[in-house]
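Student: just the structure for this:
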Amino acid sequence: MDDDGAVNKDDLWLDAIDAEERGDRQETLRICKELVAVEPDNSDAWMTIARMELPAPSKGKQEMPSLLQAAKSVTALRKVVELAPENNQAWNLGGTLLVDHLGMMDDALEWWERRREYTSTEVTPLIEQISILVRMGYYEECADLIEEMFSTEMDSVDGGVKMRMGRVSQTVSKASKMEAEEIFRPNQPKHPRWDVIEKLKKKKPISQGLFLMLFVAPMAFFVGSTSMIFIGNSGWSIPIVFIILLVTVMAISRLSMNLLQSINRHALDLERAIDYETTTGQVCIPESIRESPLYSSLMKSKMPAIKERIRLIVESGERISKKWELNIP
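Tutor: Next up is the predicted model:
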């Protein structure tokens with residue numbers, strides 16, 4: 001404190017830095033909370049709070065936050081982006097927490113829309129919004145954003161971002177084709193896809209690795225064996241067969257992904273129903289399906305905060321309205 005008893009903001013911030021360097025996260029959090037109480041526009045302190053609310057890495061591995069930890073961190077991050085909209089780390093962390101740890105798709109769409117208000121030519125917010133919309137089955141809205149994403153008016157991007165742009169565009173194309181006849185809306189209890197999920201509720205989704213091993217590997221072996229027969233045992237046979245085999249595996253893998261998606265559609269539909277529940281805070285999944293091996297297998301891969309949130313939603317028992325629609329900015 002100063003001589004007159006006032007809190008010295010600079011000293012508090014130095015104390016917070018010192019506490020973090022010592023690895024004392026609780027003390028860092030306490031000091032930063034004290035600091036923002038007297039200096040609410042300190043974006044660095046708010047960012048530190050957001051980080052300290054999350055679990056510390058343990059043995060080099062990042063622990064996943066609980067529902068309360070994720071919610072507190074997002075609250076602090078909202079202050080960060082309000083005070084320092086240029087803070088990319090805050091935007092990215094907030095987007096990840098809202099989607100992967102809280103499942104709040106409405107809020108995540110709005111989050112990235114706010115980012116676009118600050119940087120209208122940045123590609124990343126569009127990628128994130130498209131990813132959310134395709135998960136929820138809003139393909140027409142995806143098309144508009146994809147067109148904007150590839151516009152010449154957008155910022156130039158590196159190779160990694162270009163790959164993400166291509167992947168998200170392909171995801172939309174594949175998903176929209178799969179649901180060309182009828183888009184699944186989980187808030188409609190009489191939607192015909194619910195009957196399909198009910199019939200297949202004991203069938204767990206096939207992983208991509210298993211699918212490649214069971215489907216692609218035998219075909220690749222057949223192609224390789226056939227190539228050796230026709231090419232013979234010349235000095236060039238092994239590298240030529242290797243190239244043929246490599247091209248074949250890549251081609252079959254790409255083409256077979258549509259088949260895998262079709263086989264796993266019942267699981268993808270149930271994933272969307274889970275997203276609907278976490279977004280609205282209301283239930284739509286029938287109890288007979290919630291108790292199934294399919295539902296259990298999907299929930300195993302969810303983050304701890306999502307599991308906590310779904311448990312609370314199920315306990316509330318409030319049902320989603322048939323008229324509910326995703327709030328698209």
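
Student: hey, which helix or strand in the chain has the poorest pLDDT?
Tutor: Lowest by mean pLDDT, DSSP states H and E among the helices and strands of the chain is helix 208-211, with a mean of 62.

Student: count residues in the vicinity of Ala273, would you?
Tutor: 25 (other C-beta atoms under 10 Å). From N, CA and C alone the C-beta is placed, and that goes for glycine too.

Student: give me the contact list for the strand or helix carrying Ile127.
Tutor: Assigned by DSSP states H and E, Ile127 falls within helix 124-136. With contacts defined as C-beta atoms under 8 Å, 6 or more residues apart in numbering, helix 124-136 is touched by 92, 95, 99, 105, 108-109, 112-113, 115-116, 119, 139, 141-142, 145-146, 148-149, 154, 161, 164-165, 168-169, 171-172, 175, 271-272, 275-276, 279, 326, 328.

Student: equivalent analysis for stretch 105-120, please.
Tutor: Identification of contacts with stretch 105-120 by C-beta under 8 Å, 6+ apart yields 81, 85-86, 91, 94-95, 98-99, 122, 124-126, 128-129, 132-133, 135-136, 275, 278-279, 326-329.

Student: buried ones in that stretch, by neighbour count?
Tutor: Met105, Asp106, Asp107, Ala108, Leu109, Glu110, Trp111, Trp112, Arg114, Arg115, Arg116 (16 or more other C-beta atoms under 10 Å).

Student: quick one: Leu326 is in a helix?
Tutor: No - counting by DSSP: H, G, I helix; E, B strand; the rest coil, Leu326 falls outside a helix, being coil.

Student: got the confidence number for it?
Tutor: With respect to pLDDT, Leu326 scores 95.

Student: that one reaches Thr279, doesn't it?
Tutor: Yes - counting by C-beta atoms under 8 Å, Leu326 touches Thr279, with 7.3 Å between them.

Student: the two - which one has more neighbours?
Tutor: Using other C-beta under 10 Å, the more surrounded residue of Leu326 and Thr279 is Thr279, with 23 against 17.

Student: can you pull out the strands in the stretch 101-250 of the chain?
Tutor: Assigned strands in the stretch 101-250 of the chain: none (criterion: DSSP state E, counting those that start in this stretch).

Student: for it, which spans come out with low pLDDT?
Tutor: Where the stretch 101-250 of the chain drops to pLDDT under 70, the residues are 208-238, 240-242, 244-250.

Student: starting at the chain centroid, how far to stretch 158-173?
Tutor: Offset of stretch 158-173 from its chain centre (C-alpha atoms, centre = their mean, to the nearest Å): 15 Å.

Student: whoops, stretch 156-176 was the one
Tutor: That offset, for stretch 156-176, works out to 14 Å (C-alpha atoms, centre = their mean).

Student: list the buried residues for it?
Tutor: Buried residues in stretch 156-176 (16+ other C-beta under 10 Å): Val157, Arg164, Met165, Val168, Ser169, Thr171, Val172, Ala175, Ser176.

Student: and those residues as CSV, adding distance to Ile313?
Tutor: Shown next, in CSV, are the buried residues of stretch 156-176 (distance: C-beta to C-beta, whole Å):
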residue, distance to Ile313
Val157, 37
Arg164, 31
Met165, 33
Val168, 28
Ser169, 32
Thr171, 27
Val172, 28
Ala175, 25
Ser176, 28
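
Student: all helices for the stretch 201-329 of the chain, in order.
Tutor: Shown for the stretch 201-329 of the chain, the helices assigned by DSSP state H, counting those that start in this stretch span residues 208-211, 217-231, 237-263, 265-280, 287-290, 293-300, 304-316.

Student: wait, the stretch 51-200 of the chain
Tutor: 67-83, 88-96, 105-118, 124-136, 139-149, 159-178, 192-199.

Student: now render those as JSON lines, adding distance to Pro186.
Tutor: Below are those laid out as JSON lines (distance: least, C-beta to C-beta, whole Å):
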{"stretch": "helix 67-83", "distance to Pro186": "22"}
{"stretch": "helix 88-96", "distance to Pro186": "23"}
{"stretch": "helix 105-118", "distance to Pro186": "12"}
{"stretch": "helix 124-136", "distance to Pro186": "9"}
{"stretch": "helix 139-149", "distance to Pro186": "16"}
{"stretch": "helix 159-178", "distance to Pro186": "15"}
{"stretch": "helix 192-199", "distance to Pro186": "8"}
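
Student: so which of those gets nearest Val314?
Tutor: helix 67-83 (13.8 Å; C-beta to C-beta).

Student: so what does the closest one touch, helix or strand wise?
Tutor: Under the contact definition 3 or more C-beta pairs under 8 Å, 6 or more residues apart in numbering; DSSP states H and E, helix 67-83 sits against helix 43-52, helix 88-96, helix 304-316.

Student: can you pull the buried residues of that helix?
Tutor: 67, 69-74, 76-81, 83.
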